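Visitor: Give me a model of this one.
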Amino acid sequence: MMGSAHAPSASEAEPYSIFTPRHRKILTVLLGLASFASPLTANIYLPLLPLLQDQYHATAQAINLTITLYVVVQAVIPIFFAPTADQYGRRLVSLASLLVYTVGSIGLAINDAAGRRYPALLLLRALQAFGSSACATTIWGVTSDVCIPIERGAMIGPVLSISNLGVVLGPVVGGLVGWRTGHATWIFASMAIFSAATVVSVTPQDHALERHGRHPVAGLGWAVRYRAHPAVVLVLQAFAGFVKSLLFTFSNTLLIDVHPDRPSTAAAAASLTRSGLSGVGLAILQPLADSKGWAGLFTLLALLVGVSQGVVHLESPLISSIPPLQSHKIQTTFAQ
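Guide: The predicted structure is shown next:
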């Protein structure tokens, strides 16, 4: 009959992915390697701060500025990268950002070996942040491309596990190499080698938020205040990190479910907010610690976590009312 609409069958209406489980496993490894750069770069640098302060003849505040600038660039750049990735393809943006990261790392190694100029250190760290920030947001877009909503958690979990290794290994490697060699040249060179290897690898081929995160945060501050046994501090820190990772994974997976048409852009907006608040936190951390003490500071952080989780709880009826994704086939822009 003229004018009648074609009613899709049950099999047509059900979302499915054109990617096989084997393809998704390969992508999981590649995405994990690409996202590994951002936490590795941020955390491998921290044990080097006293060394850099001495060798670059800079104040502690000047060296801390390299961290602040890194966080600010990480917050802003994805806003420009993500819409490009959503429109023109994730693979192109990922490769371009990794190449920028490689150039920045090579520049840092050369600067540390040859001149040790502070302005170069500042600008090249910003270039590193520029390159590593895009991959941290495009992973959400690729996950949305290749997985139906019910399977996204199974893919993003291993990716974030690989990524979080950078948080664990970064300070250990940075401290060990810096202590053994007495300089940061090999640290920066290893970042360049890792990034170049990743480029070569990529080229061929109900969400409920737990409401317990505030307790280990406050406990950590009081344990430091009363000089508890190091094991107590480490256990509390590990538990706080676990809850943080849990909340991060749940909230970002929810975000790409709510915005399936622009997942990278949505992840970039979240990154801007998160990194922007991190930059503010870095700026006020020491003054607050001096005035309130570590126990008071961590108690304040725990209250902020509790308030934010309360807001999410109030919004949960609105979140649960979002209809399921109605697309018939999951397409991908990663291969473009």
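
Visitor: Which residue ranges of this structure form helices?
Guide: 10-13, 21-44, 49-55, 60-88, 90-114, 118-146, 149-181, 185-202, 214-225, 230-258, 263-320 (DSSP state H).

Visitor: now the angle from the longest one to helix 230-258?
Guide: In other words, helix 263-320. With axes from the mean of the first three to the mean of the last three CA atoms, to 10 degrees as the basis, helix 263-320 and helix 230-258 are set at 90 degrees to each other.

Visitor: low pLDDT regions in the stretch 151-300 of the chain?
Guide: For the stretch 151-300 of the chain, applying pLDDT under 70 flags the ranges 202-225, 249-250, 252-253, 256, 264, 282.

Visitor: can you rerun that using 50?
Guide: Applying pLDDT under 50 to the stretch 151-300 of the chain flags the ranges 206-214.

Visitor: count of neighbours near the closest residue to Gly104 other than its chain neighbours?
Guide: Spatial nearest neighbour of Gly104, chain neighbours left out: Leu127 (3.4 Å); criterion: CB to CB, 6 or more residues apart in numbering. The C-beta positions use only the backbone N, C-alpha and C, and glycine is treated the same way. For Leu127, the count of nearby residues is 18 (other CB atoms under 10 Å).

Visitor: list the contacts for Leu127?
Guide: Val100, Tyr101, Val103, Gly104, Gly107 (CB atoms under 8 Å, 6 or more residues apart in numbering).

Visitor: if you compare the helices of the chain, which one is most tucked away?
Guide: Most buried of the helices of the chain by mean neighbour count (mean count of other CB atoms under 10 Å) is helix 118-146; its value is a mean of 25.

Visitor: quick one: it to helix 149-181, angle?
Guide: Going by the same axes, to 10 degrees, helix 118-146 makes 160 degrees with helix 149-181.

Visitor: got the angle between helix 118-146 and helix 185-202?
Guide: Interaxial angle, helix 118-146 versus helix 185-202 (the same axes, to 10 degrees): 30 degrees.

Visitor: gap between helix 118-146 and the chain center?
Guide: 9 Å (CA atoms, centre = their mean, to the nearest Å).

Visitor: Same question for stretch 37-54.
Guide: That offset, for stretch 37-54, works out to 16 Å (CA atoms, centre = their mean).

Visitor: again with stretch 274-294
Guide: Worked out by CA atoms, centre = their mean, stretch 274-294 lies 20 Å from the chain centre.

Visitor: Kindly export it (C-alpha atoms) in CSV.
Guide: Once non-C-alpha atoms are left out, stretch 274-294 reads as follows in CSV (Å, rounded to 0.1, in the frame of the first residue of the first chain):
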residue,chain,number,x,y,z
ARG,A,274,37.4,16.1,35.0
SER,A,275,40.8,17.5,34.0
GLY,A,276,39.7,21.1,34.6
LEU,A,277,38.7,20.2,38.1
SER,A,278,42.0,18.4,38.5
GLY,A,279,43.9,21.5,37.5
VAL,A,280,42.0,23.5,40.1
GLY,A,281,42.7,20.9,42.7
LEU,A,282,46.5,21.0,41.9
ALA,A,283,46.5,24.7,42.3
ILE,A,284,44.8,24.8,45.7
LEU,A,285,46.2,21.5,47.1
GLN,A,286,49.2,22.8,48.9
PRO,A,287,47.4,25.9,50.4
LEU,A,288,44.6,23.8,51.6
ALA,A,289,46.9,21.2,53.1
ASP,A,290,48.9,24.0,54.9
SER,A,291,45.7,25.5,56.4
LYS,A,292,43.5,22.4,57.1
GLY,A,293,46.1,19.7,57.4
TRP,A,294,46.0,16.4,55.4
